[in-house]
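> Sequence and predicted model, in that order:
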Amino acid sequence: MSNLTLYKNDEPRPEMDELLHDYFQAEAPTPWPGFQAPKSMRARETPSLWARFGGRMVLAACVTALIVGYWSLSGTMSSPQANGLQKVTPPIASKGK
């Protein structure tokens with residue numbers, strides 16, 4: 001903070017600067033710790049073939065299962081003649097003779 005900061009009474013507040021300076025000086029470690037170089041990083045291992053393409057293969061299997069399930073259900077329920085409903089109920093939109 002600067003001593004030029006003005007508040008409601010147009011008076012600078014240097015005591016606030018001193019208070020904050022003392023607080024942060026008390027919080028800083030004494031003596032300041034020395035530099036420690038970071039540990040060297042290990043080289044990454046190349047991921048296996050399954051790790052690279054496993055998720056895509058599982059997704060493709062799920063999509064295939066959904067499509068096969070849809071086709072199998074739509075094939076069994078495709079026509080009303082397959083389950084005998086045509087003979088019992090007349091078509092709704094037909095005109096009577």
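Thanks, I have the structure now.

> any idea how far S48 lies from G75?
Distance from S48 to G75, counting by Cβ to Cβ, to the nearest Å: 39 Å. C-beta: built from backbone N, CA, C; applies to glycine.

> Tell me the secondary structure at T30.
Secondary structure assignment for T30 (DSSP: H, G, I helix; E, B strand; the rest coil): coil.

> what about it, neighbour count?
Neighbour count for T30, taken as other Cβ atoms under 10 Å: 6.

> K39 versus that one, what's the distance?
With Cβ to Cβ as the criterion, T30 and K39 are 26 Å apart.

> Now the helix ranked longest in the chain: buried residues?
In the chain, assigned by DSSP state H, the helix with the most residues is helix 49-76. By neighbour count on 16 or more other Cβ atoms under 10 Å, the buried set for helix 49-76 is empty.

> pLDDT (mean, whole number) over it?
For helix 49-76, the mean per-residue pLDDT is 89.

> Can you name every helix or strand that it contacts?
Using 3 or more Cβ pairs under 8 Å, 6 or more residues apart in numbering; DSSP states H and E as the contact test, no helix or strand touches helix 49-76.

> and A37, what element?
Using DSSP states H and E, A37 sits within no helix or strand.

> Check it and give its pLDDT.
pLDDT, read off for A37, is 90.

> can you pull the contacts of it?
Neighbour list for A37: empty [criterion: Cβ atoms under 8 Å, 6 or more residues apart in numbering].

> mind checking how far it is from R44?
For A37 relative to R44 (Cβ to Cβ), the value is 21 Å.

> now swap in S72 and tell me
From S72 over to R44 (counting by Cβ to Cβ), the distance is 44 Å.

> ditto for A28
In terms of Cβ to Cβ, A28 sits 37 Å off from R44.

> Have a look at the two and say which one is more surrounded.
With neighbours defined as other Cβ under 10 Å, A28 and R44 compare such that A28 has more, 9 against 6.

> and the end-to-end length of stretch 40-56?
Across stretch 40-56, the terminal residues are separated by 34 Å (Cα to Cα, to the nearest Å).
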